[in-house]
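Q: Quick one, what's the 3D model for this:
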Amino acid sequence: MGTRVELQSKLEELLGSKEVYYNRPEDRLMEYPAIVYSKIKPRTAHAGNSIYKIDSQYELTVISNRPDNPVLDKLIQFPYCAMDRLYKADNLYHNTFTLYY
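A: Just a heads-up that it's a prediction; the model follows:
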């Protein structure tokens with residue numbers, strides 16, 4: 001597991017562009033494809049009445065104007081990554097993933 005900044009770099013490399021955002025930007029027009037991600041409830045492991053491990057959990061959304069963007073296949077190969085759902089909104093395809101990093 002790494003830091004959020006390391007995750008940002010890996011996602012930019014995977015996408016092949018800087019269109020990767022931690023939380024959705026409100027004041028910037030996004031270009032597609034893009035990845036928007038945010039931190040959600042961490043996964044904790046307990047032993048002996050205490051927490052001994054905390055894994056950060058992120059929700060990632062790949063937004064694209066193509067339904068079969070190749071980044072989807074690359075992202076699903078990340079360790080501890082699972083596809084949650086996909087939907088279409090505003091003529092864009094949204095694929096959401098849960099990732100522990």
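
Q: List the contacts of the residue lying closest to Asn23 once chain neighbours are set aside.
A: Using CB to CB, 6 or more residues apart in numbering and skipping the chain neighbours, the partner closest in space to Asn23 is Ser38 (5.1 Å). In short, each C-beta sits where N, CA and C put it, glycine included. Neighbour list for Ser38: Tyr22, Asn23, Arg24, Tyr58, Glu59 [criterion: CB atoms under 8 Å, 6 or more residues apart in numbering].

Q: hey, what's the residue nearest the centre of the chain bridged with?
A: The chain has Leu60 as the residue nearest its centroid, 2.5 Å off, counting by CA atoms, centre = their mean. Beta-bridge partners recorded for Leu60 (DSSP bridges): Tyr37, Phe97.

Q: Quick check: it vs Lys41, distance?
A: Counting by CB to CB, to the nearest Å, the separation of Leu60 from Lys41 is 15 Å.

Q: which helices and strands does the helix or strand where Leu14 lies pack with?
A: Applying DSSP states H and E as the criterion places Leu14 in helix 4-15. Counting contacts by 3 or more CB pairs under 8 Å, 6 or more residues apart in numbering; DSSP states H and E, helix 4-15 packs against strand 20-22, strand 34-47, strand 50-64, helix 71-75.

Q: just so I know, which of those lies nearest Glu6?
A: Nearest to Glu6, of all the helices and strands packed on helix 4-15, is strand 50-64, at 10.9 Å by CB to CB.

Q: in the closest one, what's buried?
A: Within strand 50-64, the residues that count as buried by 16 or more other CB atoms under 10 Å are Ser56, Tyr58, Leu60, Thr61, Val62, Ile63, Ser64.
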